[in-house]
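Novice: Fold the stuff below for me.
(one chain, ligands or ions: 2)
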Amino acid sequence: MSKKSILITGGAGFIGSHVVKLFVQKYPEYHIVNLDCLTYAGNLENLREVEDSKNYSFEKVDLLDTVALATVFEKHTVTDVIHLAAESHVDRSISDPLAFVQTNVIGTVNLLNISKQYWKDLEGHLFYHVSTDEVYGSLGEDGFFTEQTPYDPQSPYSASKASSDHFVRAYANTYGMQTVISNCSNNYGPNQFPEKLIPLCIHNIKNNKPLPIYGKGENIRDWLFVVDHAKAIDTVFHTGKSGETYNIGGFNEWKNIDIVRLLCDQMDEKLGQEKGTSQRLITFVKDRAGHDMRYAIDASKIQKELGWEPSLQFEEGISKTIDWYLSNEDWLGNVTSGNYQKYYSDHYQDR
Ligand code: NAD
Ligand code: TYD
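Specialist: Ligands and ions are numbered 1, 2, ... in the order given. The predicted structure follows:
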C-alpha cells in the first residue's frame, strides 16, 4: 500500500492542533500536512512540539483559494483529508453570518471538489468531516442527540455546519466519495481561544475581571476534554465505516453556572486565595440571541462499534486545563493582545 499523506485542515486551531500532534507523533509512517490560513483562531505556537518533525508540513492556505488548494494536493500527493478548518464561535456567527457561510460552507465544498478532482478514482481515499452536535438543535430537559436525530440548526454557526455536513453526504451519495462525519459535543482543554466560556473565565479570574454569564446560566452543554476528541478522531479515521456518522460526547452534562463555580473554586485553591473570592466576579449579562438550551450526546454507537470512550473525569480535565493556562501566560498574553481587546469590548460592553 502506498504511504498515506493526510491533509488536516484547521490544524493550527484548538482541536486541530491536538489532532495534528497526535497523528504526527503516533504515525511516523504517515505524512501530515496541516493546511490553515491562520485566522485570529489559528496559532502556530500550538504546534511547537511537532513543527520540526520530518513527517510534518505546514501550508498557509485559505479554503477559499481553490488554486492554492489544488497546488497543495499535487505537492503533497494527498491521499486522505481530515477537515476541521472552520469559523467556530457562535457569538461571532451572530454578528457576521456571512463569514461562516464562506469558510464553513463554500470552503468545505471547495475542499470536496479538489479532493474529487485530484483523487479521480475515489476508492481508497477518505474524506473525514469533523462537525458539531449543534446541528441537531436544542433539547428540552430530556433526551439525547443520536445519529438519527433530525437536523434542526438554530444559530448561523450551526446552520453553516449543518449545510457542510449535507454537502459531504451529497458527495458520498452522488459521486461515490468515501466519507465519514463525526458530530462532537463542546470541547475544552489547552490551547482553546479565550472567546469560549471556559478559557474566557480562566483568563478573567486571573485578571480579576467580571465573569459574564448569559441569561441565568442554566443552559446545559455536554463537555469533552480535547485530547479525548482527538483520540476519537483517530479511532473514526482508522476504523469508522465509510458513509457513517458517529456522535462523540463526554457523557458529561453541566449547567454553565455550575462550570463557572467549579472554575472559581479550583482557581481560588490554585492561586492561594480564600474560597469564594472568584465567585464574587460572577455577573449575569444579557442572554445570547436564540441561545440553545441544552445539548446532550448519546455516544453509544462509537463506544459499542469502535470501542472509544472518554478517559478523563471533568474535574480532573478542568484542573489540567487551568494548570495549562497558568503555566502558559505568554500564550494567553499573545492571543489576548491586539484584536482580542476590540472583540471583547464590542461584545461585552453594554451587555
Ligand atoms: P478554532 O476556531 O479553534 O480553529 C479553527 C481553525 O481553522 C483555525 O486555525 C483557523 O485559522 C482555521 N481556519 C478558519 N477559516 C479558515 C479558512 N478559510 N481556510 C483555512 N483555515 C481556516 O476551531 P476548533 O474549536 O478547533 O474547531 C475545529 C472544528 O471542530 C470545527 O470544524 C468545529 O466546527 C468543530 N467542533 C468544535 C467543537 C468545539 O467545542 N470547539 C465541538 C465540536 C466540533
Ligand atoms: P461557548 O463556549 O461559546 O460554546 P457554544 O456556544 O458552542 O456551546 O459557550 C458555552 C456556553 O456558555 C453557552 O451556553 C453560552 C455560554 N456563555 C456564557 O454564558 N458567557 C460567555 O461569555 C460565553 C462565551 C458563553
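
Novice: Following the chain onward from the longest helix seen in the chain, which element is next?
Specialist: Secondary structure of the chain per DSSP state H: the longest helix is helix 156-175. Note on helix 156-175: by DSSP states H and E, the next helix or strand toward the C-terminus is strand 178-184.

Novice: anything in the longest helix of the chain near ligand 2?
Specialist: No. Contact between helix 156-175 and ligand 2 is absent, the nearest approach being 7.2 Å (criterion: C-beta under 6 Å from any ligand atom). C-beta here means a position set from N, CA and C on the backbone, and glycine is covered the same way.

Novice: residues making contact with that helix?
Specialist: For helix 156-175, contacts defined as C-beta atoms under 8 Å, 6 or more residues apart in numbering pick out 86-90, 92-94, 97, 100-101, 104-105, 108-109, 112, 116, 122, 127, 129, 131-132, 134-135, 137, 151, 153, 177-179, 181, 183, 242-243, 292.

Novice: Among these, name the buried ones.
Specialist: 86-90, 92-94, 97, 100-101, 104-105, 108-109, 112, 116, 122, 127, 129, 131-132, 134-135, 137, 153, 177-179, 181, 183, 292 (16 or more other C-beta atoms under 10 Å).

Novice: when you check those residues against the helices, which ones overlap?
Specialist: 90, 92, 93, 94, 97, 100, 108, 109, 112, 116.

Novice: In contact with the residue of the chain found nearest ligand 1, which residues?
Specialist: In the chain, the residue found nearest to ligand 1 is residue 13; the distance is 2.1 Å by C-beta to the nearest ligand atom. Listed by C-beta under 8 Å, 6+ apart, the contact set of residue 13 reads 36, 41, 42, 43, 46, 84, 85, 88, 193.

Novice: roughly how far apart are the fifth one and residue 16?
Specialist: Computed as C-beta to C-beta, to the nearest Å, the residue 46 to residue 16 distance reads 8 Å.

Novice: who's more crowded, the two?
Specialist: Remark: of residue 46 and residue 16, residue 16 carries more neighbours, 29 against 21, as counted by other C-beta atoms under 10 Å.

Novice: could you check the distance from that one over to residue 344?
Specialist: Using C-beta to C-beta, one obtains 24 Å as the distance from residue 16 to residue 344.

Novice: now swap in residue 163 and tell me
Specialist: Here residue 163 is placed at a distance of 29 Å from residue 344 (C-beta to C-beta).

Novice: Next: residue 334.
Specialist: Residue 334 sits 15 Å away from residue 344, going by C-beta to C-beta.

Novice: So the two - more neighbours on which side?
Specialist: With neighbours defined as other C-beta under 10 Å, residue 334 and residue 344 compare such that residue 344 has more, 18 against 13.

Novice: Need the three-state assignment for that one.
Specialist: helix (DSSP: H, G, I helix; E, B strand; the rest coil).

Novice: How about the contacts made by the residue sitting furthest away from the middle of the chain?
Specialist: For the chain, the residue at maximal distance from the C-alpha centroid (C-alpha atoms, centre = their mean) is residue 274, at 34.2 Å. By C-beta under 8 Å, 6+ apart, the contact list for residue 274 reads residue 268.
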